[in-house]
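K.L.:
Predicted model follows, preceded by the sequence.
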Amino acid sequence: MTQDGRLVRGERTRSAVLEQALLLATVSGLDGLSLSQVADALGVSKSGLFAHWRSKEALQLAVIDQARRQWTELVIRPAMTAPAGVRRLWAVHDSRLAFYESGVLPGGCFFANAHFEFNARPGVVRDRLAAELTDWMTFLTGLAAEAVTIGDLPAGVDPGRLAYQIEALGVCAVMQSPVLGAETTCRQARNSLLEHLRTVATDPTTLPEPQ
């Protein structure tokens, strides 16, 4: 096998491992994740994984990166095809809830679970999670500000506060889904934001009606 071939194979192996590790982390927790656990799930040797990640912490950070890539691909990218403004803001919320409903991750939301798990644990993992949350809130705030700038929302709307409200609905939905059911909680989260956006939007007819 050529060196290029080995590199491709190694990257595919690394990607498969991270996908499995991400699934496991949403069930048993990011702190509970270990190279042995991932190796057992994949039916491979722990020594083979050790070549990619020399420590549990390195694996945890790599899983966070994998979760971000997945979130970007399955939540953000589809929503960004919506027209800029209030419709795009709504599309991101709707896409997020659809991601939860799809059951891609058995534990619901990697980031919500990991934040609760590491909030009181200082260190590089918590710092990375905090940076991811900051980026996400900045993204939501930017979408809300754009909606104000183009006139979809009135000037009196606070983009940061609206972003916080959207995030609160998303976190509440994924936290309550295991107990109350994804269909019920996601419907409430959708309708709650739609009712609010349609109340403040300059043209509520650009948004769907609550169901």
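P.N.:
In hand now; what should we look at?
K.L.:
Relative to the whole chain's centre, how far out is stretch 185-194?
P.N.:
Between the centre of stretch 185-194 and the centre of its host chain there is 18 Å, according to C-alpha atoms, centre = their mean, to the nearest Å.
K.L.:
low-scoring pLDDT stretches of this structure, where are they?
P.N.:
Within the chain, the set of residues satisfying pLDDT under 70 comprises 1-12, 45-48, 50-51.
K.L.:
Now the one residue sitting closest to the centre of it: closest residue in space that isn't a chain neighbour?
P.N.:
Averaging the C-alpha coordinates of the chain gives a centre point, and the residue nearest to it by C-alpha atoms, centre = their mean is Trp71 (4.5 Å). Ranked by C-beta to C-beta, 6 or more residues apart in numbering and with sequence neighbours excluded, the top spatial neighbour of Trp71 is Phe111, at 7.3 Å. C-beta coordinates here come from the backbone N, C-alpha and C atoms, glycine included.
K.L.:
For the helix or strand where that neighbour lies, list every residue counted as buried.
P.N.:
Element membership of Phe111, judged by DSSP states H and E, is helix 110-118. Buried residues in helix 110-118, counted by 16 or more other C-beta atoms under 10 Å: Phe110, Phe111, Ala112, Asn113, Ala114, His115, Glu117, Phe118.
K.L.:
Can you list the buried residues in whichever helix or strand comes after it?
P.N.:
Beyond helix 110-118 in the direction of the C-terminus, DSSP H and E gives the next helix or strand as helix 124-149. For helix 124-149, a neighbour-count test (16+ other C-beta under 10 Å) marks 125-126, 128-129, 132, 136, 140-141, 143-148 as buried.
K.L.:
Make CSV out of these and add distance to Glu209.
P.N.:
Formatted as CSV, the entries for the buried residues of helix 124-149 read as follows, by distance: C-beta to C-beta, whole Å:
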residue, distance to Glu209
Val125, 42
Arg126, 41
Arg128, 40
Leu129, 36
Glu132, 33
Trp136, 28
Leu140, 23
Thr141, 26
Leu143, 21
Ala144, 21
Ala145, 25
Glu146, 23
Ala147, 19
Val148, 23
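K.L.:
quick check, nearest of the residues you listed to Pro154?
P.N.:
Proximity to Pro154 was ranked across the buried residues of helix 124-149 by C-beta to C-beta; first place goes to Val148, at 7.3 Å.
K.L.:
Tell me the spacing between that closest one and Ile166.
P.N.:
In this view, Val148 and Ile166 are 14 Å apart by C-beta to C-beta, to the nearest Å.
K.L.:
How about Leu193?
P.N.:
Distance check for Leu193 against Ile166: by C-beta to C-beta, it reads 6 Å.
K.L.:
Got phi/psi on Leu153?
P.N.:
Torsion angles at Leu153 (phi, psi; degrees, to the nearest 10) stand at phi -120, psi 150.
K.L.:
got a list of what it touches?
P.N.:
Residues counted as contacts of Leu153 (C-beta atoms under 8 Å, 6 or more residues apart in numbering) are Gly85, Val86, Ala144, Ala147, Leu162, Val200, Ala201, Thr202.
K.L.:
Great, nothing more from me.
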